[in-house]
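A.B. asks: I would like the atomic coordinates for the input below:
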Amino acid sequence: MASIWRRACVGCTKSKRQCTKAVPACRRCANKGIPCVYPPARRTNNIHLDADAAAAISSAIPSGTTGGSANPLPMICHDNDRVGNDDINFHPLQLMQSDLVEEMISRATIYHSQPSIGIDPTAVSTGLWFLGPESWVTDHTPCAPNQPELSQDRVLQRFVDSVQDWLRRWVTDGGSPLHHHQLYRENMPRCVQDAHSAIALYHMTTCSNADTRAMTARVLEDRVTQLLADQTFEASLRGGEEMSTFDHICRVQSLLTYQTIRLLDGDIRMRAQAEALIPTLFRWTQQLLDSTKNSLTQPARFLADIAASCPNVADSEDAILWAAWILVESTRRTWLVANYLQETYLYMKQGWSKCPGRVPNTMHGRLWDATSAYAWSKACREIDTVLIPTQRIEKLLFETNPEDLDEFSLLIVELIYGMERIEKWIEDSRREKQQALSDII
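C.D. replies: Predicted coordinates for the structure are as follows:
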């Protein structure tokens, strides 16, 4: 039985913007006053349009729109009368019906019915475990007794040093525990390019004379001013339209770069300028989290948008899921680092700060370090630990080897339990392995 499945309009797809898919025109095209044209629907056998949905679609289109409207009722094209896609220049997945995406979403329903996070083998094997809405709950539950002040200061300083090192490695290595090596491979917006260049410039001039450092500070100030101005300008162009999750990540990681440099540099002027933007970064990180959570309420559209923005993944389910996971996991890590870094700075400055809470992140190193969609998918099927809520981290210390955690996750665990306990955990694990080896010999 054939049914209607509306894809993003031509204008939104070419601009890589989220489409509301309204008829006769989506919100973006209506605001811009441009023709809104949808690609023809294709036949599917795995989704049926019920009577209420059909009535809702029919009532949403005024009578007479089939004549002069740029957007008539979506067609149901059979195999022998499909419109060719050469003139439309659409990405293959969008013209493929929903055979691939909706098959994945039907399996996502299995995961969403599970009460736990990251331990359901069916969800892990299908690669849809990271779409669960319950995995985005911000947890403020205390995890461990307060550490001694000296130990706490050491942990916080280690965290700050690690974030600074990740920025350097983003430039020198092309990736870091915060910046996935694939995130900007297809598309690096100008704001991210500016931040990337600013890191290189800053570290190149760290040991230079006072005049060179002052020039670098002016460049950083101008880049931040440009970032804020661009956000205001782009918001006026969107006319209230929602930003994509990728756009949110780009601006948060860019501002986080400047905040990390200027809050921790020691220059009084740069520090004062960065302190004025602490509320802005907090607000942007919350909007990033909200955007991602909102996108995942419509997983079919989320995955289809991922495929449309990544031309190289449309024919591979593993590649689509890997690209989606990279975006989602980048949201988790960016939110954690941005909030923890600024709260750490405020604690060091005034002796106290708020607890930002924690969202679960993917802790197993094989996933973040995977170099291909196949390697990522294989790791999802084979590992036991995926997303770890705060309440289960205590259990993690008894069931997981320290070397299985990636660098980012090990640092987060260290923030929760302190350096001494984590060092003991690592040492005990090493001793157990040596004992097991000696028993075999």
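A.B. asks: got a list of what the nearest residue to residue 364 once chain neighbours are set aside touches?
C.D. replies: Spatial nearest neighbour of residue 364, chain neighbours left out: residue 383 (4.9 Å); criterion: CB to CB, 6 or more residues apart in numbering. For glycine as for every other residue, the C-beta is placed from the backbone atoms N, C-alpha and C. Going by CB atoms under 8 Å, 6 or more residues apart in numbering, residue 383 touches 124, 364, 366, 367, 404.
A.B. asks: Report the two of those residues separated the most.
C.D. replies: Using CB to CB, the contacts of residue 383 span at most 15.2 Å, a distance reached by 124 and 404.
A.B. asks: picking up where we left off before, pull up the gap between the residue nearest to residue 364 and residue 17, please.
C.D. replies: Per CB to CB, to the nearest Å, residue 383 is found 36 Å from residue 17.
A.B. asks: ok, how many other residues are close to residue 375?
C.D. replies: Neighbours of residue 375 under the rule other CB atoms under 10 Å: 15.
A.B. asks: check which helix or strand covers it.
C.D. replies: Using DSSP states H and E, residue 375 maps to helix 373-382.
A.B. asks: same deal with residue 430?
C.D. replies: Using DSSP H and E, residue 430 falls within helix 419-440.
A.B. asks: buried set for that helix?
C.D. replies: The neighbour-count check on helix 419-440 (16 or more other CB atoms under 10 Å) flags 421, 422, 425, 429 as buried.
A.B. asks: Nearest to residue 335 among the residues you listed?
C.D. replies: Closest approach to residue 335 among the buried residues of helix 419-440 (CB to CB): residue 422, at 22.3 Å.
A.B. asks: what's the pLDDT at that closest one?
C.D. replies: Residue 422 is assigned 84 on the pLDDT scale.
A.B. asks: Now it: closest residue in space that isn't a chain neighbour?
C.D. replies: Spatially, and ignoring its direct neighbours in sequence, residue 422 is nearest to residue 414 (4.7 Å; CB to CB, 6+ apart).
A.B. asks: pretty sure that neighbour is touching residue 154, no?
C.D. replies: No. Between residue 414 and residue 154 there is no contact under CB atoms under 8 Å: 9.9 Å.
A.B. asks: Give the residue from these two that has the larger number of neighbours.
C.D. replies: Of the pair residue 414 and residue 154, residue 414 is the one with more neighbours under other CB under 10 Å, namely 20 against 16.
A.B. asks: in this protein, which ranges drop under the pLDDT threshold?
C.D. replies: By pLDDT under 70, the low-scoring segments of the chain are 1-6, 40-128, 134, 141-151, 311-315, 384-386, 388-394, 437, 439-441.
A.B. asks: for it, longest helix please?
C.D. replies: Longest helix of the chain, by residue count under DSSP state H: helix 317-350.
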